[in-house]
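Enquirer: here is a sequence together with a model predicted from it:
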Amino acid sequence: MRRQPHRIYMSGLVVFNMLIETGMLGLFALAGTIKPWIVVAFAGTVVPVSIAIHLMFRIGLNLRLKEKGLLVPQLAVNAAAQLIFLMLAPQLAVFFMLTMIAFSGYAAPEFSPRSFTNGWLVFGVLTGAAIWLVRDRFRFPGASGLEIFATWLFFFLALRSLTLASARFFRLRAKLSEKNRQLEASLRQIEELASHDHLTGINNRGTFMKMLEDEAQRSARTGAPFCFVMLDIDHFKKVNDTHGHPVGDEVLKTVCDIAVRTLRGIDRIGRLGGEEFGILLPDTRAEEGTISMERLREAVNDHDWGSIAPGLDVHFSAGITSYMPMDNVQKLAKRADDALYHAKETGRDRVVMADQRLSARACA
Ligand SMILES: Nc1nc2c(ncn2[C@@H]2O[C@H](COP(=O)(O)OP(=O)(O)OP(=O)(O)O)[C@@H](O)[C@H]2O)c(=O)[nH]1
């Protein structure tokens with residue numbers, strides 16, 4: 001499929017060159033070298049055929065065929081046309097022979113080494129036979145047997161070297177495109193590795209803190225509310241110690257999966273380190289944020305942890321805070337961390353809202 005744009009481009013180039021060739025023949029007709037009807041015959045046969053082939057590529061009819069490049073029919077039609085007109089106007093034989101070399105170059109990427117050798121020999125022999133048949137009207141560079149042979153030999157060898165050079169160029173270009181694609185894929189992978197946590201696949205600390213910073217700036221500008229949550233899995237060390245590190249890893253991944261499923265599409269989650277996660281809830285007020293975290297807590301508590309390891313049970317504690325005017329990320333993180341500490345201190349498996357604690361303290 002990658003070759004199709006190239007085929008469309010090349011067959012379009014053939015149409016363009018056929019039109020140029022018609023114009024050139026017209027000039028020779030004006031100069032009296034050939035009869036005008038030869039130009040009309042060329043324009044009425046070769047040009048429509050090349051347009052038809054180009055349209056076939058454009059519509060994609062060739063994709064239904066086994067030999068999608070249409071190499072054999074294209075070359076056969078073009079070479080037959082050039083040979084017929086070479087015999088009709090042998091005084092312009094070199095002109096038609098050069099055109100054949102150009103077409104062979106266009107078809108280079110479609111050639112296999114065998115099809116190239118076969119085509120080269122067939123065209124060479126046919127062209128030699130055609131020139132020989134019309135040798136009495138052959139003009140350039142001369143009409144003697146040796147001159148005709150030397151002209152033909154030049155064509156025969158040039159056809160080979162130019163086509164092989166084109167084929168090499170196309171192969172090189174294809175290789176370069178492939179390398180480019182691999183490089184782009186590697187770059188994407190590096191970006192992914194640099195911005196995401198490799199175990200859970202969620203944002204890593206750096207990426208998440210940058211998101212938090214951006215959201216704080218957005219809120220300062222627009223006044224839109226948002227909540228920041230620090231979530232920590234309870235007694236995670238015990239999970240590792242009792243069930244092993246691989247089970248601990250599985251717990252981390254599963255908690256993230258549940259969070260991604262439970263939270264909204266615009267919410268962001270990042271791994272801050274170990275078994276601690278940060279959650280950003282844009283356009284969310286304190287009460288809505290608490291409801292959202294309670295829903296996540298229930299989802300984690302209700303999960304069938306026994307399917308990962310018999311007797312396994314997982315809970316988390318979370319501290320949540322909402323953005324306040326004149327806030328910065330450090331202040332937000334401090335409040336959420338204090339609230340998380342409070343959640344742990346007061347029995348774990350709970351969500352504590354920092355702002356309520358602050359207002360409670362202010363009222364006391
Ligand atoms: N399996 C696994 N364990 C990890 C990973 N990162 C950190 N840990 C473990 O997480 C545990 C965290 O233990 P603590 O900081 O004592 O916290 P805790 O046991 O959850 O206790 P509380 O937070 O007070 O409920 C340590 O045993 C770490 O080795 C990880 O990527 N995979």
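Expert: Looks like it came in fine.
Enquirer: scan this protein for its longest helix.
Expert: Secondary structure of the chain read by DSSP state H shows that its longest helix is helix 145-195.
Enquirer: could you list the domains of this protein?
Expert: 4-186, 205-363 (automatic domain parsing).
Enquirer: lowest average pLDDT across those?
Expert: Mean pLDDT values for the domains of the chain show the minimum at domain 4-186, a mean of 87.
Enquirer: what separation do you get for the residue in the stretch 151-300 of the chain positioned nearest to the ligand and residue 129?
Expert: The nearest approach of the stretch 151-300 of the chain to the ligand comes at residue 248, 2.6 Å away (CB to the nearest ligand atom). Heads up, the C-betas are built off the backbone N, CA and C, glycines and all. Here the criterion is CB to CB, to the nearest Å. By it, residue 248 lies 81 Å from residue 129.
Enquirer: quick one: which of the two has more around it?
Expert: residue 248 (21 against 12; other CB atoms under 10 Å).
Enquirer: count of residues packed around the closest residue to that one other than its chain neighbours?
Expert: Nearest residue to residue 248, sequence neighbours excluded (CB to CB, 6 or more residues apart in numbering): residue 240, at 4.2 Å. Per other CB under 10 Å, the neighbour tally for residue 240 reads 16.
Enquirer: pretty sure residue 240 sits against residue 250.
Expert: No. With contact defined as CB atoms under 8 Å, residue 240 does not count as touching residue 250 (11.1 Å).
Enquirer: what comes up buried for the strand or helix carrying the residue of the stretch 151-300 of the chain closest to the ligand?
Expert: Residue 248 is located in helix 245-262, with elements delineated by DSSP states H and E. Buried residues in helix 245-262, defined by neighbour count with 16 or more other CB atoms under 10 Å: 248, 250-256, 258-259, 262.
Enquirer: buried ones in the helix or strand following it, by neighbour count?
Expert: Next in sequence after helix 245-262, counting helices and strands by DSSP H and E, comes strand 268-273. For strand 268-273, a neighbour-count test (16+ other CB under 10 Å) marks 268-272 as buried.
Enquirer: rewinding a little: okay, the angle between the helix or strand harbouring the residue nearest to residue 248 and helix 245-262?
Expert: If you go by DSSP H and E, residue 240 is part of helix 236-243. Helix 236-243 runs at 130 degrees relative to helix 245-262, counting by axes from the mean of the first three to the mean of the last three CA atoms, to 10 degrees.
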